[in-house]
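A predicted structure for the sequence below; I have some questions about it.
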Amino acid sequence: PGELLDVDDRTILANALMSLGGLLHAAEAGTYAARHLVLQGNLALHTSLLGKASHAHHHRLRTTGRDHVKLLVLQHRVIGYKTHLAGRAILGSDAYLSYLGKLIQLPPITIAPTEEASCMFFDKEGMMWVGTNAGVKSYDGYHVKTYKTNAYQPGILPNNTIRSIAEDHQDNLWLGTRNGLVRMNKRTGKFKTFFLPDESQRIIYTLFVSKDGTLWIGTDGGLSYFNSKTETFYTYNNKNTWLIDADGSKNRITNYSVKAIIEDRNGDLLIGTWSAGLMRFHRGSNTFYRYPQLNATNSAYSLFLDKHNHLWVGTWGYGVVRLDNPQNVRQPEMHQYPYSTNHFDTFYKIVYDPVTKTLWACTREGACYLEEDMPNAEWKRYTSIGNNPLNFNNDIATDGKGNIWLCTQNNGILQVNTQPSLFKLWNLDTSHTHL
């Protein structure tokens with residue numbers, strides 16, 4: 001966690017001071033003791049840092065304030081300061097963090113702009129996996145490794161465009177591509193490709209592993225699951241599945257393209273589709289129950305169940321709909337949030353940040369958040385963070401501890417932190433300073 005430097009305590013600074021846009025010059029690597037902090041002149045902050053052997057470094061920070069300066073230290077590294085009058089941190093291009101209202105931004109994880117990122121996943125070990133149009137990439141916090149079919153790794157993927165990622169209970173990573181499904185054994189590093197039987201099932205839009213370990217697959221051919229014993233697929237279609245509509249009518253299910261799959265507390269699956277609406281599936285019954293129409297095209301593109309058991313439905317072109325009573329298919333108590341056409345109206349994914357008690361979502365235009373427990377709250381939007389644009393923010397993930405990762409199509413992966421501000425204010429007494 002971050003910590004604050006109290007200069008008067010002679011705090012030891014481990015590692016080099018990080019450069020802050022040329023304002024705070026990096027001292028040589030080593031251990032330094034802060035000796036004093038005083039105002040020098042009318043606008044310059046002067047620090048004296050005594051280091052190894054004969055190294056003595058003096059740094060000046062130009063401020064716009066009078067005598068109020070905020071220092072930020074994270075993991076013993078000075079990474080920022082904030083003046084009283086400026087109202088925001090003075091940011092440098094190579095600063096480790098930027099303070100943006102409620103957000104602290106870390107440098108983006110860069111991906112070549114030509115390698116468009118479409119999805120992101122954290123496995124049980126904390127490894128980040130990123131699906132791109134040039135294979136899947138793993139990132140352990142230090143190094144990026146790419147897995148794709150090429151002359152050096154022929155045939156490991158049937159198609160290098162990755163649309164979805166999931167992990168089962170046997171340490172297998174599953175990759176949904178534009179042409180087939182791939183199982184990667186993380187222990188052996190072996191890849192195996194599977195093709196679902198119908199041509200409409202080539203593109204794997206979404207993957208989900210239920211609590212019992214079953215892998216569920218969403219395609220244009222509907223909902224399927226993988227039988228790990230026989231290594232075959234079962235698809236719910238018009239030959240074996242009934243659909244009960246909101247008006248109570250019962251018919252064989254017709255074509256439906258699955259875009260989202262989640263599981264509720266009772267083990268039912270909730271299915272979001274491109275244009276066949278939102279459906280509930282009682283497992284073992286071969287019966288789907290459809291909710292009342294959500295919007296003009298009946299889009300239910302992304303799904304999220306919160307701690308209150310409210311169901312949040314992100315749509316394609318119609319903003320967000322909240323269902324306060326999703327257990328009741330016929331009367332789910334739907335609430336439509338305001339939206340503007342072609343501006344934050346398509347929601348790719350929704351997650352929850354328990355630190356700030358806010359919902360976060362990624363959209364075509366950027367990221368947005370909502371204070372869930374505030375009555376009449378509306379989505380607050382970010383089209384960029386710092387100098388990093390957030391357009392085509394295709395995926396979002398959180399660890400539940402205030403860290404949020406935003407996966408953009410062409411601008412890399414940005415990490416932000418929503419923990420309360422690490423800044424602290426000192427009123428510097430200059431009455432006894434001899435200038």
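Arrived safely, thanks for sending.

only C-alpha atoms for contact and neighbour calcs from this point on.
OK.

where are the low-confidence patches of this structure?
1-107, 420-435 (pLDDT under 70).

same thing but at 80, please
Within the chain, the ranges that satisfy pLDDT under 80 run 1-109, 113, 375, 419-435.

All the strands of the stretch 151-300 of the chain, in order from the start?
For the stretch 151-300 of the chain, the strands defined by DSSP state E, counting those that start in this stretch cover 162-167, 172-177, 180-185, 191-194, 206-209, 215-219, 222-227, 232-236, 242-244, 250-252, 258-263, 269-273, 278-282, 287-290.

Any idea how far apart the tips of stretch 146-160 sit?
Terminal residues of stretch 146-160 are spaced 11 Å apart (C-alpha to C-alpha, to the nearest Å).

who wins for proximity to Asp140 among the strands of the stretch 151-300 of the chain?
Evaluated over the strands of the stretch 151-300 of the chain, closeness to Asp140 peaks at strand 172-177, with 15.4 Å, by C-alpha to C-alpha.

Pull out the buried residues from that closest one.
172-177 (16 or more other C-alpha atoms under 10 Å).

Next: stretch 371-386.
For stretch 371-386, burial by neighbour count (16+ other C-alpha under 10 Å) applies to 371-372, 379, 381-383, 385.

Columns distance to Pro158 on top of those, output as a markdown table?
Formatted as a markdown table, the buried residues of stretch 371-386 follow (distance: C-alpha to C-alpha, whole Å):
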| residue | distance to Pro158 |
| --- | --- |
| Glu371 | 42 |
| Glu372 | 42 |
| Trp379 | 39 |
| Arg381 | 38 |
| Tyr382 | 36 |
| Thr383 | 35 |
| Ile385 | 36 |
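
and the two most separated of the residues you listed?
Glu372 and Ile385 (21.9 Å).

for the strands of the stretch 151-300 of the chain, which one sits closest to Thr363?
strand 258-263 (15.0 Å).

Which neighbours in the sheet does the closest one have, and how are they oriented?
strand 269-273 (antiparallel) (DSSP bridges).

what's the offset of the partner strand from the middle of its chain?
Computed by C-alpha atoms, centre = their mean, to the nearest Å, the separation of strand 269-273 from the middle of its chain amounts to 21 Å.

go on, stretch 220-240?
Counting by C-alpha atoms, centre = their mean, stretch 220-240 comes out at 29 Å from the chain centroid.

JSON lines for the strands of the stretch 151-300 of the chain, including distance to Thr315?
Below are those laid out as JSON lines (distance: least, C-alpha to C-alpha, whole Å):
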{"stretch": "strand 162-167", "distance to Thr315": "18"}
{"stretch": "strand 172-177", "distance to Thr315": "21"}
{"stretch": "strand 180-185", "distance to Thr315": "25"}
{"stretch": "strand 191-194", "distance to Thr315": "30"}
{"stretch": "strand 206-209", "distance to Thr315": "15"}
{"stretch": "strand 215-219", "distance to Thr315": "16"}
{"stretch": "strand 222-227", "distance to Thr315": "18"}
{"stretch": "strand 232-236", "distance to Thr315": "23"}
{"stretch": "strand 242-244", "distance to Thr315": "21"}
{"stretch": "strand 250-252", "distance to Thr315": "25"}
{"stretch": "strand 258-263", "distance to Thr315": "10"}
{"stretch": "strand 269-273", "distance to Thr315": "9"}
{"stretch": "strand 278-282", "distance to Thr315": "10"}
{"stretch": "strand 287-290", "distance to Thr315": "16"}
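
how about the helices in the protein?
Assigned by DSSP state H, the chain shows no helices.

sorry, back to before: just the buried residues of strand 172-177 now: which is nearest Ser299?
Among those, and counting by C-alpha to C-alpha, the member closest to Ser299 is Gly176, at 21.6 Å.

measure the closest one to Gly135 for me?
Gly176 sits 11 Å away from Gly135, going by C-alpha to C-alpha.

who touches both of the two?
Any residue near both Gly176 and Gly135 by C-alpha atoms under 8 Å, 6 or more residues apart in numbering counts here, and that gives Ile162.

among the strands of the stretch 151-300 of the chain, which is nearest Tyr352?
Smallest distance to Tyr352 across the strands of the stretch 151-300 of the chain (C-alpha to C-alpha): 14.6 Å, for strand 258-263.

List the buried residues for that closest one?
In strand 258-263, counting by 16+ other C-alpha under 10 Å, buried: 258-263.

same deal with stretch 122-140?
Under 16+ other C-alpha under 10 Å, the buried positions of stretch 122-140 are 122, 128-139.

which of these lies closest to Leu305?
The shortest approach to Leu305 among the buried residues of stretch 122-140 belongs to Phe122, at 19.2 Å (C-alpha to C-alpha).
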